[in-house]
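Student: the following block contains a protein sequence and its predicted model.
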Amino acid sequence: MQLNNNPSLVIMKCSRRTFIKSGLLITAGVPLLQGCVLSNNKEVRDELFELFRNPPVTSKPFVRWWWNGDKLSAKEILRELDIMKEAGIGGVEINPIAFPGGDDLGISSLTWLSPEWIEMVKVALKGADERGIICDIIVGSGWPFGGEFLQPEEQTQLLTLAGKKVKGPGKILLKVEDFLKEASPEVGFKFQGASSEIYSICLAPVEMNVFSPAQPVPYEKGSETFTVEVPEGEYIVYALVKVTGFQSVINGAPGAAGPVLNHYNGEAVQKFLNRMSDNLFPAIKDLKGFRAMFCDSMELEGANWCYDFPEEFKRRRGYDVEPFLPFLLYKVGHMGHAVEGTVATVLTGEAKEAVARVRYDFFVTCMDIMRDRFLIPYTEWCHQHHFKSRMQAYGREFHPLEASLQVDIPECETWLWSSDSEKERDFSRRPTYTNVNKFVASAAHYTGKKIVSCEEVTNTDNVFNATLERIKVLGDQSNLSGVNHSILHGFNYSPAEVPFPGWIRYGTFFNERNPWWPFFKLWAAYKARLSTIFQETDYFADIAVMHPLADMWTKYGPQRDPFPGLLYPEYQYKVWEAIHQNGNSCDYISEDILRQSKFEKGFLTYNSRKYHTLILLEVESILPDTAKALSEFVKNGGKLIFVAKEPCQSPGWKDHKAHDEAVKQTIDAMKQANPPHLYQVAAPGKDMIEWFKAVQQQCDIRPYLQIDAPSPYVSQNRYRTKDKDFFFIVNYNTNERITLNVKFPEAGNRQPWIWDAETGEKYPCPATSEQTLNVDLYPATSRLIVFEKTGKQEASAAVPAENASGVELNGWKLRMEHLNGKSEEGEMNILTDLADDPKTQSFAGHLFYTKQIEDNAASNYLDLGRVYGVSEVTVNGESLGCKWYGRHLYQLPEHIAKTTDKIIQVKISTTVGNYLKSTPDNETGQRWTRHQKWQPVGMIGPVRLIF
């Protein structure tokens, strides 16, 4: 690019006055309907559409508001609330967290629950109320719960082990210190004040085929050594080690850092919760207060013990767990994963089965204690103080579905994953939602909860390179997984005086210094309208899917959700995607839900939920009563599908032979009755869409959307009211346009409309006599298609195809206004990615492209081609609006289209990552960008005028 002194370009303002509607949205000469429907020539107010047009604050995106280091002032709190209000943010989650580093301006940290800190909370509550903003607050700081004030008996505990091979015969003297050191958990966030002690020592064989308890080894508590008498042969000496206070709070702020709480200790939990309620709640009693108390990720790094665990296990499972502990425990690594390569007895045959069954019982007992001593008391504590509970109730310690039944506002996670380049990202191969989302959403559906909350745009890598387009696709995928409310990750408390880019703990750069920040409100409005519909309607699902959780827990133990160490089976989280992509929809179901369900007229019913089909994914182990429930479902006409395997045994140890036989007899009897709706299908291969399409045909599953050519980049959800059907259809391919012919066989005589979540308007969408629509989805585009009873519709017009005739525009003048204050001008004969040129690859800010043309063809559209950033266009000084995702196509108003001489100006607002990557002295910027590739920037084109 040659730099010169071309005249400055005019800076344009964004307007949606002529914002173009693509595909189905385009209408020609059709009035926009706002807030009414026609019935016998009378206007009838549509309350739901009114909410859609003007979403309530409860539907607007919230943010996790990181109070970095609790370096707070009243002035800054109110300044940031104003910024968030202006951006369309409806609520904040106050989240005190450790200071992330950088220039602290000499501001001291306030201590959690100190009078000074509480005063800042009061400022935030009052300021938020005055601005119509809702407040939640995290309990404690960082995650999991904990603090410096916890006594040893209140701190997290882990029973782990160390093993050493020995050879006899003979007596061997061993050092306790060696075993304590070997057993020390290799966790990511160690508390330096941890203590370890020997729980027991035993001698076990190197191999075992038939289970027999290990031989106890005498040990005097407090001794530095112990002696083992080893018979002839090779054995393993196991030392079971109890570690207390082994984990520290992750990123805890002053006053709530230190060791993690023992969530299995009910008295310790109540004391911890009361510490907050006794100190904070009286001080805010005259204020509006909080909507909800929040509990973040339960990342307990493998914690599994409390003072009375053996007694609780025996009470709940009916036998003694102690003989099995040396064979089911393991050395704990990061986030509770087993450390590979440690010394362990090789189990085969009956011994392997016995330990596997006890493993299931052990972890189920952990889940039961966690539920009874933490999960339920937590919600009760919230209710006692007139707040809702909001929690991410998953991980090794929770049932992934049933735990969320106990929470008022269950929450999940959708991540902005790392990727080398925007050009290479594939949202089909690696979706943004996590594996827990569908579990959490299903739990909300079973209990009739209207809000499925999500920690959304979770970003621990691409902080400065996230685009609004990518955020939109992420949010759309999050909604597809069942989410209907966003808690953005997050908004960093950072005074304006802090050098650029400010204090950054985590999260996308949601900040007024971000060049694309002025356009954030467009996404926020879009998201709020979708959330309104999804919260105010009923999510529809016609299929229930059961995962082989008991089998997985038996063989491998529960996983660290939402990042499981293994998938069982490997395709387990791809099944729901294929169901939706083929025009059906589903919820997950658990054994307990199934056992409490009713079965009649071919449906499985639980509260308000109804399913005509139940799919079991390679499920082999179920409880006898679950088998009976399956039999009743089939007997009453329900459709039951076994994928690859069928139930043949029960989980757990006590009376397992009798329980196995009961399961087998029930399933065999069901099969022998030869019911017409019992099916066995093969496990899927690589093509999940084709697999489920074949299942639909084999098992006579009728989709409510008949899609001619399902795509791995398009999915859908269905929502209903008494008189409306809503279909949310998304193309999450950011590069390709996808067109589908879709038949809506259950639409009846209702008329289809587009409810435009960007504008709050609605457009007629005529269908054929068979209720078939041509759904035209441009890149990163979604459609909310609504079937309702309305008056006659007029025809709509379509936008031009991408290959429509036109003329390509090259030879642009370019002005670059860098956010560092510098400005440069030049010419680009051919449009290219600025990141490809070392001279311009560090640019961040606003780009102004200008071109004067003679247009004798009276062109109707301007297509910018590929754009990396937010675009704004003016022609002859008149704004045509802005585009922040997908196809950057602008319609030229008639009076401009007829004008021969045109001056076209395009403004592109970029991300800031490339600039920070180029500033080695910027410690904060380098922390997030030094290992990332240069990201594409600017208007790449081809730019075309289309006739």
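Tutor: Looks like it came in fine.

Student: so how far is Ala858 from the residue lying closest to Trp934 once chain neighbours are set aside?
Tutor: Among residues not flanking Trp934 along the chain, Ala835 sits closest, at 4.2 Å (Cβ to Cβ, 6 or more residues apart in numbering). All C-beta spots, glycine's among them, are computed from the backbone N, C-alpha and C. Per Cβ to Cβ, to the nearest Å, Ala835 is found 36 Å from Ala858.

Student: now do Glu469
Tutor: 31 Å.

Student: what about Ala669, how many neighbours?
Tutor: As a burial measure, Ala669 scores 11 neighbours (other Cβ atoms under 10 Å).

Student: quick check, it in a helix?
Tutor: Yes - judged by DSSP: H, G, I helix; E, B strand; the rest coil, Ala669 forms part of a helix.

Student: quickly find the element holding the closest residue to it other than its chain neighbours.
Tutor: Using Cβ to Cβ, 6+ apart and skipping residues adjacent in sequence, the residue nearest Ala669 is Ser631, 7.1 Å away. Element membership for Ser631 (DSSP states H and E) is helix 624-635.

Student: show me the contact partners of that helix.
Tutor: Under the criterion Cβ atoms under 8 Å, 6 or more residues apart in numbering, residues 591, 594-595, 597, 599, 604, 614, 622, 640, 647, 650, 659, 662-663, 666-667, 669-670, 673, 675, 677-678 lie in contact with helix 624-635.

Student: the more surrounded of Glu469 and Ala858?
Tutor: Higher neighbour count among Glu469 and Ala858: Glu469, with 22 against 14, using other Cβ under 10 Å.

Student: OK, contacts around that one?
Tutor: 734, 780, 884-886.

Student: now do Ala162
Tutor: Neighbours of Ala162 in contact, by Cβ under 8 Å, 6+ apart: 178-180, 182-183, 238-239, 241, 331, 342-343.

Student: please apply the same query to Ile707.
Tutor: Contacts for Ile707 (Cβ under 8 Å, 6+ apart) come out as 581-583, 740-742.

Student: state the distance from it to Lys693.
Tutor: For Ile707 relative to Lys693 (Cβ to Cβ), the value is 10 Å.

Student: hey, what's in contact with both of those two?
Tutor: Shared contacts of Ile707 and Lys693 (Cβ under 8 Å, 6+ apart): Asn582.

Student: from the contacts of helix 624-635, keep the buried residues only.
Tutor: Buried subset of the contacts of helix 624-635 (neighbour count, 16 or more other Cβ atoms under 10 Å): 591, 594, 597, 599, 604, 614, 622, 640, 647, 650, 659, 662-663, 666-667, 670, 675, 677-678.

Student: restricted to helices, list those residues.
Tutor: Among the buried ones among the contacts of helix 624-635, the members found in helices (DSSP state H) are 591, 594, 659, 662-663, 666-667, 670.

Student: out of the residues you listed, the closest to Glu770 would be?
Tutor: Leu594 (36.9 Å; Cβ to Cβ).

Student: show the contacting residues for that closest one.
Tutor: 544, 546, 604, 614, 626, 629-630.

Student: and it, how close does it get to Trp523?
Tutor: Distance from Leu594 to Trp523, by Cβ to Cβ: 39 Å.

Student: what residues are up against Leu614?
Tutor: 543-546, 589, 594, 604, 630, 633, 638-641.

Student: hmm, try it at 6 Å
Tutor: Applying Cβ atoms under 6 Å, 6 or more residues apart in numbering to Leu614 gives the contacts 544, 604, 640.

Student: report pLDDT for it.
Tutor: If you check Leu614, the pLDDT there is 98.

Student: before we move on, the earlier item: out of the contacts of Ile707, which sit inside helices?
Tutor: Gln581.

Student: tell me, how many residues neighbour the residue nearest to Phe744 when sequence neighbours are not counted?
Tutor: Using Cβ to Cβ, 6+ apart and skipping residues adjacent in sequence, the residue nearest Phe744 is Gln771, 4.5 Å away. Gln771 is flanked by 19 other residues according to other Cβ under 10 Å.

Student: His263 versus Gln771, what's the distance?
Tutor: For Gln771, the distance to His263 equals 52 Å [Cβ to Cβ].

Student: got the CA coordinates for the lengthiest helix in the chain in CSV?
Tutor: Within the chain, and with DSSP H defining each element, the longest helix by residue count is helix 349-370. Coordinates of each C-alpha in helix 349-370 appear next as CSV, following Å, rounded to 0.1, in the frame of the first residue of the first chain:
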residue,chain,number,x,y,z
GLY,A,349,-12.2,-61.2,36.6
GLU,A,350,-14.5,-61.0,39.6
ALA,A,351,-12.2,-58.7,41.5
LYS,A,352,-12.3,-56.1,38.6
GLU,A,353,-16.1,-56.3,38.6
ALA,A,354,-16.4,-56.0,42.4
VAL,A,355,-14.2,-52.9,42.5
ALA,A,356,-16.0,-51.3,39.5
ARG,A,357,-19.4,-51.8,41.2
VAL,A,358,-18.1,-50.3,44.5
ARG,A,359,-16.6,-47.4,42.5
TYR,A,360,-20.1,-46.6,41.3
ASP,A,361,-21.4,-46.7,44.8
PHE,A,362,-18.5,-44.6,46.1
PHE,A,363,-19.1,-41.7,43.7
VAL,A,364,-22.9,-41.9,44.0
THR,A,365,-22.4,-41.5,47.7
CYS,A,366,-20.2,-38.5,47.1
MET,A,367,-23.0,-37.0,45.0
ASP,A,368,-25.6,-37.8,47.6
ILE,A,369,-23.7,-36.1,50.4
MET,A,370,-22.9,-33.1,48.2
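
Student: could you pull out the helices in the stretch 401-550 of the chain for me?
Tutor: In the stretch 401-550 of the chain, the helices defined using DSSP state H, counting those that start in this stretch lie at 437-447, 468-480, 520-536, 549-555.
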